[in-house]
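*Asks:* next one to model:
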Amino acid sequence: MTKEDRFEHILTKLSVNQRVHFEELAVELNVSEDTIRRDIDILGKNGLLVKVRRGGIIPAINPLSFQERASLFPEGKERIAFKVQPHLSEAKTVFMDGGTTILAIAAAIPINAELRIITNNMALPAVLHEHEQVEIISLGGNYNRNTRTTTGAQTCLEACKYVADLYLMGACGIDHALGVTAQVAEDGEVKRAFLASSRKTIAVVTQEKIGRIDFFKVANLDAIDTIVTDLPSDDFRLNAYRFAGREIL
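*Replies:* Numbering: from 1, shown residues only. I've put the predicted structure just below:
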């Protein structure tokens with residue numbers, strides 16, 4: 001049985017019984033209790049259950065099923081998450097907006113990290129549920145069920161109350177001439193508010209969004225300090241972005 005099959009069995013049993021036990025799972029899956037403990041650790045760190053003595057329990061809020069989460073974090077987003085971690089270790093207060101790349105970054109944060117995260121991403125708290133030293137400030141506003149984010153005037157006003165050391169911007173599109181753009185105006189307005197209140201901004205961009213131009217202008221490229229992609233840093237597709245001392249990762 002593969003690790004993914006074990007995860008599926010554990011989460012299915014959890015959804016029925018609200019609780020799972022190491023010993024029972026080890027017998028059912030014909031593996032050692034140490035293997036089950038490691039599986040429970042992984043699921044717990046990703047917000048899919050809460051680890052307790054001798055097992056795990058269902059979290060109060062679990063907006064993402066395992067199948068959804070597995071599809072959200074393919075290899076490219078995991079590469080971006082790995083590249084971003086050193087920058088997170090240097091920050092105390094961080095803005096993080098919406099998108100599955102941002103969730104992948106959050107899932108890779110070490111369990112003992114000490115951070116304050118300010119976000120309009122309502123899926124983020126579940127991912128960071130086990131990170132006891134991560135303070136999460138969720139911004140109010142109009143909730144969008146499709147993107148699981150809050151937007152609107154209230155979100156932007158609340159964001160302006162803070163100053164962040166770092167803003168991790170999930171970019172819908174980035175172009176060397178026209179800068180960062182967004183598909184939805186309300187989302188773009190929140191990005192502008194985060195950008196205005198941040199000391200440093202990192203745009204995280206999967207390769208299919210490089211060269212893409214959406215209708216709402218968020219910022220020129222000179223407002224971005226670092227661009228992190230899932231491409232090798234020397235990839236030719238990034239050549240047009242290498243100017244003005246901007247970091248490319």
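*Asks:* from the centre of this protein, point out the most distant residue.
*Replies:* Most distant residue from the mean C-alpha position of the chain: residue 27, 34.6 Å away (Cα atoms, centre = their mean).
*Asks:* got a pLDDT number for the most centrally placed residue in the chain?
*Replies:* Nearest residue to the geometric centre of the chain (Cα atoms, centre = their mean): residue 103, 1.8 Å. On the pLDDT scale, residue 103 is placed at 91.
*Asks:* quickly find the element holding it.
*Replies:* helix 100-107 (DSSP states H and E).
*Asks:* elements contacting that helix?
*Replies:* helix 66-72, helix 75-89, strand 93-96, helix 124-127, strand 166-170, strand 201-205 (3 or more Cβ pairs under 8 Å, 6 or more residues apart in numbering; DSSP states H and E). Where C-beta positions appear, they are placed from N, C-alpha and C, glycine not excepted.
*Asks:* for residue 109, find the nearest of these.
*Replies:* Across the helices and strands packed on helix 100-107, residue 109 has its closest neighbour in helix 75-89 (6.6 Å, Cβ to Cβ).
*Asks:* any buried residues in that closest one, and which?
*Replies:* Within helix 75-89, the residues that qualify as buried are 76-81, 83-84, 87-88, counting by 16 or more other Cβ atoms under 10 Å.
*Asks:* cool, and stretch 98-116?
*Replies:* 98-109, 115-116.
*Asks:* that older thread, what about the host helix or strand of the residue farthest from the centre of the chain, average pLDDT?
*Replies:* Element membership of residue 27, judged by DSSP H and E, is helix 22-29. For helix 22-29, mean pLDDT is 93.
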